[in-house]
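J.: task: produce atomic coordinates for the following.
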Amino acid sequence: MPSTSNLKNHHISVLYYWNKGIRFSSLIHRETNIPLSTIYYNIDNLKQAGSLKHRGENGRPRVLYEKERKAIDQYIRYSN
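T.: Predicted structure coming up:
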């Protein structure tokens, strides 16, 4: 699996060519040597969302919120 910085470089490169008006994945692949599947994925995101930013909040929700965790901590601390 590629490193995070490598993926950011891929995002930047694809976005650079996209902004220059180059929409062909094969041409971007030839110029950058980025895997075609990555280019397809990034171009799909650009077409749908208009950007390559991460959606956020798409993972598993937290079990306890900060306020609940503090209340439990205080309860444990005072009962001992």
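
J.: now do the helices in the chain.
T.: Residue ranges of the helices in the chain, as given by DSSP state H, are 4-19, 25-32, 36-49, 66-79.

J.: closest to residue 60 out of those helices?
T.: Nearest of the helices of the chain to residue 60, taken as Cβ to Cβ: helix 66-79 at 16.4 Å. Placement of C-beta: from N, CA and C, glycine included.

J.: distance between that closest one and the chain's centre?
T.: Remark: helix 66-79 is offset 34 Å from the chain centroid, using Cα atoms, centre = their mean, to the nearest Å.

J.: now that helix - C-alpha only, PDB.
T.: Output of helix 66-79 as PDB, limited to C-alpha atoms (Å, rounded to 0.1, in the frame of the first residue of the first chain):
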ATOM      1  CA  GLU A  66     -16.000  13.700  25.500                       C
ATOM      2  CA  LYS A  67     -18.600  14.900  28.000                       C
ATOM      3  CA  GLU A  68     -19.700  11.300  28.700                       C
ATOM      4  CA  ARG A  69     -16.100  10.100  29.100                       C
ATOM      5  CA  LYS A  70     -15.400  12.900  31.600                       C
ATOM      6  CA  ALA A  71     -18.500  12.000  33.700                       C
ATOM      7  CA  ILE A  72     -17.400   8.300  33.800                       C
ATOM      8  CA  ASP A  73     -13.900   9.300  34.800                       C
ATOM      9  CA  GLN A  74     -15.200  11.500  37.600                       C
ATOM     10  CA  TYR A  75     -17.500   8.800  38.900                       C
ATOM     11  CA  ILE A  76     -14.700   6.300  39.000                       C
ATOM     12  CA  ARG A  77     -12.300   8.700  40.600                       C
ATOM     13  CA  TYR A  78     -14.800   9.700  43.400                       C
ATOM     14  CA  SER A  79     -16.000   6.100  44.100                       C
END
